[in-house]
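# Pasting the sequence and the predicted coordinates here, then a few questions.
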Protein chains: 2
Amino acid sequence: MNETSILGYALLGLLLQKPRSGYDLRKIFTATPMRTFSDSPGAIYPALRRLEERGLVRSHVQERSGLRRRRLFRPTSAGVAEFKTWQTKAILRDDLIRRTDELMLRFAFMDETIGPKKSLEFLKALAGELASYIPSLRTCLGPREGHMPLSGRLALESGIQGYEALLRWARKAIAVYERKEKGRA
Amino acid sequence: MNETSILGYALLGLLLQKPRSGYDLRKIFTATPMRTFSDSPGAIYPALRRLEERGLVRSHVQERSGLRRRRLFRPTSAGVAEFKTWQTKAILRDDLIRRTDELMLRFAFMDETIGPKKSLEFLKALAGELASYIPSLRTCLGPREGHMPLSGRLALESGIQGYEALLRWARKAIAVYERKEKGRA
DNA sequence: AGGTTCATGTAACCCGTTACATGATTTC
DNA sequence: GAAATCATGTAACGGGTTACATGAACCT
């Protein structure tokens, strides 16, 4: 029994908001900023089937007068649990390097699942990891800079600036959550 | 005969700089900022074999007194040609959404292959595409903002800010190339 | 003698891509 | 009655991940 893929978690997260059909999910992946995910039926329907086989979602056919019948999916309690576990696992250096998208997806549904307190914790962990990673990137490429072609140097610089932008975003987001907390207190 | 994968192009680009062995390439993927690529032998050696089968690289075994013999790869003229074609193809909206990494990889080797003039053209095209994409993202999520949980909204915002950072980077890079051009004139 | 680094591979597995297929319902 | 939209699937293919395997040279 294998791990759930990122697509699987994206589907789970959307189903946590409300029950949806495969077609609903596809539409989200074509029409909203979640279009980084593929809206191809060849990806989504098998992914839903796997989620069901693993007991993370349950589905039943919804009969509707007039309209075509469709299969509605909703997460099971095991699905919710696995989703939360995935969201709260530690942030590793490697997540920063290869799985930034996954980190953002984990965060995107946090308020709805584990609440703003945990969202804030996540952001702090993310900011901490970024703050330690960025300087290490700089020192790693600093010495090389001399004998590198301009475009190569700039490409690396773009990566670093991407991380710096992410750190600025995380810090602002932290401030937003903290203001909200104080406001409630 | 299928298309070359991103990993394939990364390998080709590095081989364009100088002949290297599979092991050399692996080390680059473990030790440099190119670590977004997998350094697993199960990815690299098959990828090299495919490149060779497609006639994009040639290899020969290098015998070395004392040291273990190793297989050195170098691009063929067909390989160079395909690489340049890949680098110069049009920048699509979809590249921005799903393949930013690939765009950066295309740019990273440009000075060495097709020269600074083309690099500048690439940057201008990229900046243009970004400048048209970012507002469309903003207007797409603007209306939704009301009925979205905070973490979801922030996650989207992070995506947009990532694109904005990329645009700032591109504009600075354009300025660098243009200064260099004037300096030479 | 034993551990590390150099060096190259293979095999199973999984998932995403692409393309194809089907059929109901709504709209013109 | 034809086209578009709703809705759900399957099948071939390819490439990346993970894990395993091997063996030479070097260092201690």
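Cool, got the structure.

# And the pLDDT for the residue nearest to A:Arg98 when sequence neighbours are not counted?
Once flanking residues are discounted, A:Arg98 sits nearest to B:Thr36: 5.9 Å by CB to CB, 6 or more residues apart in numbering or on different chains. No exception for glycine: its C-beta is placed from N, CA and C like everyone else's. In this prediction, B:Thr36 carries a pLDDT score of 97.

# Surely B:Thr36 and A:Thr100 touch.
No: applying CB atoms under 8 Å as the test, B:Thr36 and A:Thr100 come out as separate, 9.9 Å apart.

# follow-up on the earlier one: spit out the contact partners of the residue nearest to A:Arg98.
Applying CB atoms under 8 Å, 6 or more residues apart in numbering or on different chains, we find B:Thr36 in contact with A:97-98, B:101.

# Tell me if the helix or strand harbouring A:Glu121 is near chain B.
Assigned by DSSP states H and E, A:Glu121 falls within helix A:116-141. Yes: residues of helix A:116-141 contacting chain B under CB under 8 Å from any CB of the partner chain: A:116, A:119, A:137, A:140-141.

# now for whichever strand or helix holds A:Arg179, which elements pack on it?
Using DSSP H and E, the element containing A:Arg179 is helix A:150-184. Under the contact definition 3 or more CB pairs under 8 Å, 6 or more residues apart in numbering or on different chains; DSSP states H and E, helix A:150-184 sits against helix A:116-141, helix B:100-108, helix B:110-113, helix B:116-141, helix B:150-184.

# List the buried residues for that helix?
Under the neighbour-count criterion of 16 or more other CB atoms under 10 Å in any protein chain shown, helix A:150-184 has A:150-163, A:165-167, A:169-171, A:173-174, A:176-177 buried.

# angle of that helix against helix A:116-141?
Counting by axes from the mean of the first three to the mean of the last three CA atoms, to 10 degrees, helix A:150-184 lies at 160 degrees to helix A:116-141.

# tell me the angle of helix A:150-184 relative to helix A:100-108?
Following the same axes, to 10 degrees, one obtains 10 degrees for the angle between helix A:150-184 and helix A:100-108.

# Secondary structure element holding A:Phe73?
Here A:Phe73 sits within strand A:70-75, counting by DSSP H and E.

# Spell out which parts of chain A neighbour DNA strand C.
A:2-8, A:38, A:40-43, A:46-47, A:50, A:66-68 (CB under 7 Å from any atom of the strand).

# So the residue nearest to the spatial centre of chain A versus B:Tyr133, what's the distance?
The structure's chain A has its C-alpha centroid closest to A:Leu105; by CA atoms, centre = their mean the separation is 1.0 Å. According to CB to CB, to the nearest Å, A:Leu105 stands 21 Å off from B:Tyr133.

# And for A:Pro46?
30 Å.

# Out of the two, name the residue with the larger neighbour count.
With neighbours defined as other CB atoms under 10 Å in any protein chain shown, A:Pro46 and B:Tyr133 compare such that B:Tyr133 has more, 16 against 11.

# thinking again about what came up before, mind giving me the packing neighbours of the helix holding A:Glu121?
Against helix A:116-141 (3+ CB pairs under 8 Å, 6+ apart) you get helix A:77-88, helix A:93-98, helix A:100-108, helix A:110-113, helix A:150-184, helix B:150-184.

# which residues does the closest residue to A:Leu154 other than its chain neighbours contact?
Leaving aside its chain neighbours, A:Leu154 sits nearest to B:Ala173 (4.9 Å; criterion: CB to CB, 6+ apart). Residues counted as contacts of B:Ala173 (CB under 8 Å, 6+ apart) are A:154, A:158, B:123.

# Let's see the pLDDT reported for the closest residue to the second one other than its chain neighbours.
Spatially, and ignoring its direct neighbours in sequence, A:Ser158 is nearest to B:Trp169 (4.8 Å; CB to CB, 6+ apart). pLDDT, the model's per-residue confidence, is 98 for B:Trp169.

# For B:Trp169, list the residues it contacts.
With CB under 8 Å, 6+ apart, B:Trp169 has these contacts: A:154, A:157-158, A:161.

# Now tabulate the residues you listed in JSON lines and tack on pLDDT and distance to B:Arg26.
Below are those laid out as JSON lines (pLDDT from 0 to 100; distance: CB to CB, whole Å):
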{"residue": "A:Leu154", "pLDDT": "97", "distance to B:Arg26": "25"}
{"residue": "A:Glu157", "pLDDT": "96", "distance to B:Arg26": "25"}
{"residue": "A:Ser158", "pLDDT": "98", "distance to B:Arg26": "24"}
{"residue": "A:Gln161", "pLDDT": "98", "distance to B:Arg26": "27"}
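
# And those, which is closest to DNA strand D?
Nearest to DNA strand D out of the contacts of B:Trp169 is A:Ser158 (CB to the nearest atom of the strand; 21.6 Å).

# Hmm, the closest one is touching B:Leu166, no?
Yes: with contact defined as CB under 8 Å, A:Ser158 reaches B:Leu166; the gap is 6.7 Å.

# Which residue ranges make up the domains of chain A?
A:6-85, A:89-184 (automatic domain parsing).

# Can I get those domains in JSON lines including distance to B:Glu181?
Below are these laid out as JSON lines (distance: least, CB to CB, whole Å):
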{"stretch": "domain A:6-85", "distance to B:Glu181": "36"}
{"stretch": "domain A:89-184", "distance to B:Glu181": "12"}
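
# between the ones you listed, which one is nearest to DNA strand D?
By CB to the nearest atom of the strand (comparing all of the domains of chain A), the closest turns out to be domain A:6-85, at 3.2 Å.

# How far does that closest one stretch from one end to the other?
From its first residue to its last, domain A:6-85 covers 14 Å (CA to CA, to the nearest Å).

# Any idea how many residues pack against the residue in chain A that DNA strand C sits nearest to?
Here chain A gets closest to DNA strand C at one residue, A:Gly42, 1.9 Å apart by CB to the nearest atom of the strand. Using other CB under 10 Å, A:Gly42 has 8 other residues around it.
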